[in-house]
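Undergrad: sequence unavailable; structure follows:
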């Protein structure tokens, strides 16, 4: 079990585009397990690789409620095939923007194609919380944060707060 340090706003890495995973091997599977351990430890329901400092098109999810059997999902190189015209609003939070939540409007359903941890192609038709979570994590792979969907005024306030907090804490990752 390896808990990875989380990348926290305003770290510029969160705005980088993630590159595709070229080959799914034991290293990628171990990294997926580390990501799941990190997500569970946080605790969260989704985590993109970029949030632990790896700009790879990879994310993990587990929407099981407390008391339910864990249902981890590893999503590699996801592609959104379609989005519904119907919209829904969920209160979202993010492990990279701790203790901040905002209502975000997104398509209420998506169809996503991806590779699982064994390299097998999967496709999921998602609605509800799964659709929101997939869109939130896929956004991370494109350098987009959920605060990009809120008003500029609120977003600027959040950015100012996290820039101030960043001055008071040690760096969240090693450079090199």
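TA: Thanks, I have the structure now. Since this is a predicted model, take the numbers as computed values, not measurements.
Undergrad: mind listing the strands for the protein?
TA: 46-48, 58-61, 73-83, 87-94, 97-107, 109-115, 121-127 (DSSP state E).
Undergrad: which residues sit against the first one?
TA: The contact list for strand 46-48 (CB atoms under 8 Å, 6 or more residues apart in numbering) reads 18, 35-36, 38-39, 58-62, 95, 133, 136-138, 140-141. In this view, the C-beta of every residue, glycine as well, is placed from N, C-alpha and C.
Undergrad: now do 10 Å
TA: Contacts to strand 46-48, defined as CB atoms under 10 Å, 6 or more residues apart in numbering, come from residues 4, 6-7, 14, 18, 35-40, 54-63, 73, 75, 94-96, 129-130, 132-134, 136-142.
Undergrad: paired strands for that strand, with orientation please.
TA: Note on strand 46-48: by DSSP bridges, its sheet partners are strand 58-61 (antiparallel).
Undergrad: the fifth one too?
TA: Using DSSP bridges, the neighbouring strands of strand 97-107 in the sheet come out as strand 87-94 (antiparallel).
Undergrad: what's the angle from the partner strand to strand 109-115?
TA: 50 degrees (axes from the mean of the first three to the mean of the last three CA atoms, to 10 degrees).
Undergrad: got the buried residues for strand 87-94?
TA: For strand 87-94, a neighbour-count test (16 or more other CB atoms under 10 Å) marks 88, 90, 92, 93, 94 as buried.
Undergrad: the closest residue to the fourth one other than its chain neighbours: neighbour count?
TA: Think residue 93. Once flanking residues are discounted, residue 93 sits nearest to residue 101: 4.5 Å by CB to CB, 6 or more residues apart in numbering. The local packing of residue 101 (other CB atoms under 10 Å) involves 12 other residues.
Undergrad: from what I see, residue 101 and residue 146 are in contact.
TA: Yes. Residue 101 is in contact with residue 146 according to CB atoms under 10 Å; the separation is 9.2 Å.
Undergrad: which neighbouring elements make contact with the helix or strand bottoming out on mean pLDDT in the chain?
TA: Scoring the helices and strands of the chain by mean pLDDT, DSSP states H and E places helix 152-167 at the bottom, with a mean of 93. Judged by 3 or more CB pairs under 10 Å, 6 or more residues apart in numbering; DSSP states H and E, helix 152-167 is in contact with strand 97-107.
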